[in-house]
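Q: Show me how the following folds:
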Amino acid sequence: MNPRDTLHVFSVNHRHAPTEVRELAHLDDDQSVALMDLMASSPGCISCIPVSTCNRTEIYVETAPGCDPAPMLNAALQSTGGEADLFFGTHARNFSGLESIGHLFRVSSGLESMMLGEPQISAQLKDAYRRARQFHEPGPGLLRAFQGSFRTGKRVRTETRINRGAVSVAFAAVELARKFFASLNLQRAVLVGAGETGSLAAKHFLQHDIGHLTVINRSLERGQELAVTLNKEDETSQTQRIEARPWDDLLDALVDADVVLSTTGATEPVITPEMVQKAADRRQGKPLFLLDIAVPRDIHPDASKIGNVFLFGLEDLQEIIQMNLAARQKQLPQAHKIIDEELTEFQTWLNDVDLRPTVAEFKNYLEGLKDKQVGFVRKKQSEEVAAAVDRSLQQFIKKVLGRSVSSLKKTENPLEREQEIELLRKLFSEAD
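A: Residues are numbered from 1 along each chain as shown. Below is the predicted model of the structure:
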């Protein structure tokens with residue numbers, strides 16, 4: 001570790017740790033707040049920001065120069081009931097200095113996500129950042145780093161196409177459904193199954209402005225809960241376009257639907273050829289699109305033999321996903337270029353951070369002298385003359401500060417730089 005490094009990250013993530021390890025490493029909200037409390041009171045530690053999601057738990061730490069954060073983090077994790085050893089073992093990855101910031105910027109941009117380019121992690125980072133500011137204001141380095149990561153992630157998502165195209169099964173299913181129609185806003189969709197995948201698919205349907213969505217689940221209560229939640233989150237519609245219906249209404253729902261997405265946990269097909277035939281007989285030739293993303297399959301394959309019924313399964317979606325992943329991979333060079341630009345800017349800020357307190361004191365000292373001089377002139381001369389003197393001295397201060405800062409920045413040797421900063425502080429302190 002470089003003695004000048006002040007920013008660090010301790011990470012347990014999906015790239016290096018299996019699910020069972022990530023589950024053990026997870027920190028809930030209470031543990032995260034307790035960890036921030038303990039770290040803030042540790043000698044040499046300025047602040048920390050824990051980030052814990054299903055795919056990663058990472059702890060970003062800012063310390064005084066030359067301070068090793070590992071022992072204090074180990075003790076703090078043990079005190080909060082966390083699995084401290086996991087953050088220092090074979091499944092962990094630890095970075096310091098600019099490497100830690102580069103990692104944060106890649107995470108925020110979706111380059112470290114399980115699904116390349118997914119935007120959800122950006123919101124999760126912002127949640128962790130807001131929680132940190134609520135309970136323990138982060139140090140200047142972490143503040144600047146997280147703010148820079150949000151800007152970097154936004155640039156990557158807007159200046160590249162790295163988050164375009166479906167790379168999850170639920171999203172790919174909705175993307176496929178969109179290909180059937182000129183627009184989804186006049187279509188009726190049926191979601192069979194209200195589990196995690198079904199919920200995610202429902203949200204994608206709403207994002208693409210589906211006209212109406214019916215949720216059918218074996219547990220009507222669970223289906224109703226999902227419908228209520230989705231209607232609350234649905235800000236684009238003036239009316240409630242999501243409804244839940246009982247399992248016995250499945251046949252009637254097939255009759256009314258334009259597209260059906262099935263994702264239950266059943267061990268055998270819940271939509272049989274006989275059921276689809278009955279629905280087709282009542283649809284008067286209107287095409288029915290069936291999307292089966294369940295394992296095992298929810299829809300019997302023989303349903304595809306029925307006239308005007310079109311059945312698509314996981315194998316069809318995997319082809320779409322692989323094509324979209326390949327397209328996202330092509331965006332990586334541009335994404336890395338953006339991250340490098342932002343890292344260069346951060347490095348510039350980091351290089352000068354030790355100058356700021358002294359430069360600010362020097363500026364206050366010079367401006368104090370200026371105010372005294374202008375006050376003296378104002379007593380003897382007109383306001384116009386005093387204002388002119390004020391402007392002239394402002395330009396003088398600007399030039400003196402500019403030359404002083406420029407000289408300090410050119411000093412690359414850390415020891416010499418500290419000596420020059422101390423000399424400048426001594427000069428204007430004695431002059432006072």
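Q: in the stretch 251-400 of the chain, which segments are predicted with low confidence?
A: 352-363, 365 (pLDDT under 70).
Q: what are the ranges of the strands in it?
A: Assignment of strands within the stretch 251-400 of the chain using DSSP state E, counting those that start in this stretch yields the ranges 259-262, 288-292, 309-312.
Q: Same question for the stretch 101-250 of the chain.
A: Using DSSP E, counting those that start in this stretch, strands in the stretch 101-250 of the chain cover 188-192, 212-216, 242-245.
Q: and the angle for the second one with strand 188-192?
A: Just to be clear, that refers to strand 212-216. In terms of direction (axes from the mean of the first three to the mean of the last three Cα atoms, to 10 degrees), strand 212-216 departs from strand 188-192 by 20 degrees.
Q: So which residue is dead centre in the protein?
A: The centroid of the chain falls nearest to residue 122 when counting by Cα atoms, centre = their mean (1.2 Å).
Q: who's in contact with the closest residue in space to that one that isn't next to it in sequence?
A: Closest residue in space to residue 122, ignoring its immediate chain neighbours: residue 153 at 4.7 Å, by Cβ to Cβ, 6 or more residues apart in numbering. In this view, the C-beta of every residue, glycine as well, is placed from N, C-alpha and C. Residues in contact with residue 153 (Cβ atoms under 8 Å, 6 or more residues apart in numbering) are 105, 108, 109, 110, 119, 122, 125.
Q: Residue 135 contacts residue 35, doesn't it?
A: No - Residue 135 is beyond contact range of residue 35, at 10.3 Å (criterion: Cβ atoms under 8 Å).
Q: Among these two, which residue is more densely surrounded?
A: Set side by side, residue 135 and residue 35 show more neighbours around residue 35, with 23 against 13, by other Cβ atoms under 10 Å.
Q: follow-up on the earlier one: where does the residue nearest to residue 122 sit relative to residue 319, distance-wise?
A: Using Cβ to Cβ, to the nearest Å, we find residue 153 at a distance of 29 Å from residue 319.
Q: Equivalent analysis for residue 371, please.
A: Separation of residue 371 from residue 319 (Cβ to Cβ) stands at 72 Å.
Q: Other residues contacting stretch 9-24?
A: Residues from elsewhere that reach stretch 9-24 (Cβ under 8 Å, 6+ apart): 25, 54-61, 69-70, 73, 83, 86-88, 91-95, 100, 103-104, 112, 114.
Q: Sitting in helices, which of the residues you listed do you find?
A: 25, 69, 70, 73, 100, 103, 104 (DSSP state H).
Q: and this protein, what are its domains?
A: 7-162+331-350, 169-323, 357-431 (automatic domain parsing).
Q: does residue 40 really touch residue 33, like I thought?
A: No - in this structure residue 40 lies outside contact range of residue 33 using Cβ under 8 Å: 10.7 Å.
Q: do you know how far the residue nearest to residue 317 when sequence neighbours are not counted is from residue 266?
A: Distances taken as Cβ to Cβ, 6+ apart place residue 172 nearest to residue 317, at 4.3 Å, with adjacent residues excluded. Separation of residue 172 from residue 266 (Cβ to Cβ): 21 Å.
Q: okay, these two: which has more neighbours?
A: The neighbour comparison of residue 172 against residue 266 (other Cβ under 10 Å) goes to residue 172, with 26 against 16.
Q: Now do the contacts for the more buried one.
A: Applying Cβ under 8 Å, 6+ apart, we find residue 172 in contact with 166, 317, 320, 321, 324.
Q: All set, thanks.
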